[in-house]
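[1] Pasted the sequence and its predicted model underneath.
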Amino acid sequence: MLTATYSIVAFSAEQKKVCSALQRLRQYVDEALQKQSEPDLARIQSAFDLLSQFEQHCHSRKLEKVLIPAVRSSCREADGLVAELESMSDRALALLRSAQEQLRFAFDSGMVKLNELFDVMASYCDSLLKRFAREEEELLPLAMRSLTIDQWFDIAAELLSDDSQPPRKQKKPANTQAVPS
């Protein structure tokens, strides 16, 4: 059971880190779009680029790459929850795509559209925070109940293997100094 405990701790730590990063991104979006006297297109584009990078990062999380497939293959009880989590991700991605479209037209249409852009970008962040909460509150306990010791051993081995590989450097967009990593 020690491997299960290690794995759950690793997934929980990843969840806390990703939630914290998303909250900082949400704050950056807020500052980029609402707390400026005059809109700064470069800063708004930077906020959008950071959200896009975050979206890509979400799909490389250990929880998505390792735990969800393991739970899905071992437990029919997980099917509904995993489908809901995927649906939440799809809705968040649709919001991000909508924000991309609105960004293209925001300055042509005036501040009203810029406010709508903020609402969409904030909704994207909120949607992902809800997904992450469901993962923590429902998926991890379900995994604890349904996975065998052998499956936990395989998961822990994969987590350790991932941890031993050097991290890949990600390209950062311009004007990101306000967002701590």
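    Structure's in. What do you need?

[2] drop to CA atoms for contacts and neighbour counts, all remaining ones
    OK.

[3] all helices of the protein, in order?
    Along the chain, counting by DSSP state H, helices occupy 2-33, 41-58, 62, 68-74, 78-109, 111-134, 140-146, 149-164.

[4] Now mean neighbour count and mean pLDDT too, for the ones you listed, in TSV please.
    Conversion of the helices of the chain to TSV gives the following (neighbours: other C-alpha atoms under 10 Å; pLDDT from 0 to 100):
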stretch	mean neighbour count	mean pLDDT
helix 2-33	18	89
helix 41-58	18	89
helix 62	18	93
helix 68-74	17	92
helix 78-109	16	89
helix 111-134	19	87
helix 140-146	16	93
helix 149-164	15	86
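
[5] do you know how far the most centrally placed residue in the chain is from residue 22?
    Computing the C-alpha centroid of the chain and ranking residues by C-alpha atoms, centre = their mean puts residue 58 first, at 4.1 Å. Remark: distance between residue 58 and residue 22 (C-alpha to C-alpha, to the nearest Å) = 10 Å.

[6] Repeat that for residue 143.
    For residue 143 relative to residue 22 (C-alpha to C-alpha), the value is 24 Å.

[7] same question, residue 161
    As judged by C-alpha to C-alpha, residue 161 and residue 22 stand 26 Å apart.

[8] so what's the residue nearest to residue 142 when sequence neighbours are not counted up against?
    Leaving aside its sequence neighbours, residue 142 sits nearest to residue 78 (C-alpha to C-alpha, 6 or more residues apart in numbering; 7.4 Å). Taking C-alpha atoms under 8 Å, 6 or more residues apart in numbering, we find residue 78 in contact with 71-72, 139, 142.

[9] same check, this time on residue 146
    71, 74-75.

[10] for residue 79, same thing?
    residue 72.

[11] if I look at residue 134, how far off is residue 140?
    9 Å.

[12] Next: residue 100.
    33 Å.

[13] Number of residues surrounding residue 66?
    Neighbours of residue 66 under the rule other C-alpha atoms under 10 Å: 17.

[14] is it true that it touches residue 155?
    Yes. Applying C-alpha atoms under 8 Å, one finds residue 66 in contact with residue 155, separated by 6.7 Å.
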